[in-house]
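Colleague: Show me how the following folds:
(one chain, ligands or ions: 1)
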Amino acid sequence: MPELPEVETIKNEVAPQIRGRRFVGVELFRPKAVHEPSPEAFCQRLIGQEIMAIWRRGKYLLFRLSGGQTLILHLKMSGVLLLRDASCGPENHTSAIFRLDGDNDLHFVDQRRFGAMWLTEDQNRVVGKLGIEPLGPSFTPAVLGNLLSPRRVAIKVLLCDQHAIAGIGNMYADEALFAARIHPLKKANALSTDEIERLHRGIVKVLQGGIKRKGASVNTYRRPDGGTGKAHLEFQVAHRRGESCLYCGSPIQRVSLRGRGTHFCARCQPDGA
Ligand SMILES: [Zn+2]
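Modeller: Predicted coordinates:
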């Protein structure tokens, strides 16, 4: 699933190409992807609007439009945004094609078909309840500690809770916990001050590293030009089940936590629940 570094990369790479351009048509192949308004109104209202600004909040992409509305996309499990020549039609799994004035268009391709779109006057209805941005200036070890102290859930579960911290998912949670040498099942409220500081550093480090390497192409993720990211080449535990820990040589373990595969090194991240 695309997480903060993948969505940030997509934003960084599409923004300079589409800012200031107008929607001239919308081809919708999966109307169910539109959560607000009706699919017909979604297509009609986009046409003629100029893209004024593009930003990311958590795992959401937001486009401020000249008419005052905001187009919001969530890529969910497998969505990608591709910039394609204006002559290109849909491929398998294309949910929508946004035709823009100029030479190329934006294709929303979504193999698993969970991706979602909104066109709204009030972005807070979609992103208003998201937690803190982990790469923002207000994310400090003290703030992280305040988020953890009342929570008895496994720290891995809390890291993936979008209402607590926005943008971290399965891969980067595993990587951050390995960087901090914390067992993923340790209770959030049981972390020491030292562990909280290590975890804070680990979160920032793995997310910044993911952005620097343009995201992790482990599953369907592609960059807007169709190219791959390289973040997965640096992964220490995520997607490495059975491979050797790069620090101690122990085999990377996998457990299922709330239905998600959780990867860790039992020696580097000792169980101290
Ligand atoms: Zn190890």
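Colleague: what's stretch 96-112 in contact with?
Modeller: Contact partners of stretch 96-112, identified using CB atoms under 8 Å, 6 or more residues apart in numbering, comprise 14, 17-18, 21-30, 33, 46, 51, 73, 75-86, 88-95, 115, 117, 220. (Each C-beta comes from the backbone N, C-alpha and C, glycine too.)
Colleague: Separate out the buried members of the residues you listed.
Modeller: The neighbour-count test (16 or more other CB atoms under 10 Å) marks 14, 17-18, 21-23, 26, 28, 30, 33, 46, 51, 73, 75-76, 78-84, 93-95, 115, 117, 220 as buried among the contacts of stretch 96-112.
Colleague: Mind checking which of these are in strands?
Modeller: 23, 26, 28, 51, 73, 79-84, 94-95, 117 (DSSP state E).
Colleague: Return the residues of the stretch 101-250 of the chain in contact with the ion.
Modeller: Cys245, Tyr247, Cys248, Ser250 (CB under 5 Å from the ion).
Colleague: Save those as JSON lines, and put in secondary structure, pLDDT and neighbour count too.
Modeller: Formatted as JSON lines, those follow (DSSP: H, G, I helix; E, B strand; the rest coil; pLDDT from 0 to 100; neighbours: other CB atoms under 10 Å):
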{"residue": "Cys245", "secondary structure": "coil", "pLDDT": "98", "neighbour count": "20"}
{"residue": "Tyr247", "secondary structure": "coil", "pLDDT": "97", "neighbour count": "12"}
{"residue": "Cys248", "secondary structure": "coil", "pLDDT": "98", "neighbour count": "10"}
{"residue": "Ser250", "secondary structure": "coil", "pLDDT": "98", "neighbour count": "12"}
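Colleague: Out of those residues, the closest to Leu191 would be?
Modeller: Tyr247 (20.8 Å; CB to CB).
Colleague: Spatially nearest residue to the closest one, not counting backbone neighbours?
Modeller: Cys268 (5.6 Å; CB to CB, 6 or more residues apart in numbering).
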